[in-house]
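Novice: Below is the sequence, then the predicted model.
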Amino acid sequence: MINFDCLTLFPEMFNGILEDSILKRAIENNLIEVKLHNFREFSTLKHKNVDDSPYGGGAGMVLMCPPIYDCLHSIENNENAHKILLTPQGRKYTQDVAKELSKKDHIILICGHYEGFDERIRSFVDDEISVGDYILTGGEIPAMAIIDSVSRLIPGVLHNDESAPTDSFENNLLECPQYTKPFDFMGMTVPEVLVSGNHQEIDKWRKEESLKRTKERRNDLLDKK
Ligand code: 4G3
């Protein structure tokens, strides 16, 4: 059982992934738990503001400390949880990071918006993650990417036919080409080796094609091997 708490101004954004069949089933089977917390509810200001203009001047708004601090501290056992800030300045998210996080039992994800967080918010967390070198309007999509990719590594979340350890990145290789029926689609046929019934030859072909594809598309992965 892994417990996710998510601090967000837009909890409804998570409805999609939580109602998707695989994560929904994982929640029903008590393999994961996801709780959403709208930190706007912790604002003590008259208009429930959670951001303000930056000290020193300039454009944009900055998320302020108090609502995030109070929301974080309203979560039971927050002191023992692995607390993550989602920002473009974090360490780069990879399958290895997903594996590392799948060993935790309590993860708190903090999603920001606007131009960024008050720097002092960094002192509340253990980790800062970026899902890639691009800017989104908020940290919700990165948080969902983490919840989804970590959950599918929890034993029992995926069924046998939904595969896990043979996937791309588990061995730092891209997947080989795959085919299913029909054998002939508009004159494009399936490689003969795959219908030969010779499993030794099939395994050899798959390994070679995997390596070829990784060399062509992601030579950087071969350096990691
Ligand atoms: C803080 C994360 C939050 C500062 C968040 C923008 C992209 C990522 C935000 C900031 C985000 C990412 C919210 N965009 N690459 N937007 O993981 O500049």
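Specialist: Good, I have the coordinates. Numbers count the residues shown, from 1 in each chain.

Novice: Now for this structure, the helix or strand with the poorest mean pLDDT.
Specialist: One helix or strand of the chain scores below all others by mean pLDDT, DSSP states H and E: helix 219-224, with a mean of 92.

Novice: mind exporting the helix ranked longest in the chain as PDB, just the C-alpha atoms?
Specialist: What stands out as the longest helix in the chain, according to DSSP state H, is helix 199-217. Extracted in PDB, the C-alpha atoms of helix 199-217 (Å, rounded to 0.1, in the frame of the first residue of the first chain):
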ATOM      1  CA  HIS A 199      11.300 -19.600 -30.200                       C
ATOM      2  CA  GLN A 200      15.100 -19.400 -30.000                       C
ATOM      3  CA  GLU A 201      15.200 -17.600 -33.400                       C
ATOM      4  CA  ILE A 202      12.300 -15.300 -32.200                       C
ATOM      5  CA  ASP A 203      14.100 -14.300 -29.000                       C
ATOM      6  CA  LYS A 204      17.300 -13.600 -31.000                       C
ATOM      7  CA  TRP A 205      15.400 -11.500 -33.500                       C
ATOM      8  CA  ARG A 206      13.700  -9.500 -30.700                       C
ATOM      9  CA  LYS A 207      17.000  -8.800 -29.000                       C
ATOM     10  CA  GLU A 208      18.600  -7.600 -32.200                       C
ATOM     11  CA  GLU A 209      15.700  -5.400 -33.200                       C
ATOM     12  CA  SER A 210      15.500  -3.900 -29.700                       C
ATOM     13  CA  LEU A 211      19.200  -3.000 -29.900                       C
ATOM     14  CA  LYS A 212      18.900  -1.700 -33.500                       C
ATOM     15  CA  ARG A 213      16.000   0.500 -32.500                       C
ATOM     16  CA  THR A 214      17.700   1.800 -29.400                       C
ATOM     17  CA  LYS A 215      20.900   2.700 -31.400                       C
ATOM     18  CA  GLU A 216      18.800   4.500 -34.000                       C
ATOM     19  CA  ARG A 217      16.500   6.500 -31.700                       C
END
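
Novice: Pull out the buried positions in that helix.
Specialist: 205-206, 209-210, 213-214 (16 or more other CB atoms under 10 Å). To be clear about C-beta, it is placed using only N, CA and C from the backbone, and glycine gets the same treatment.
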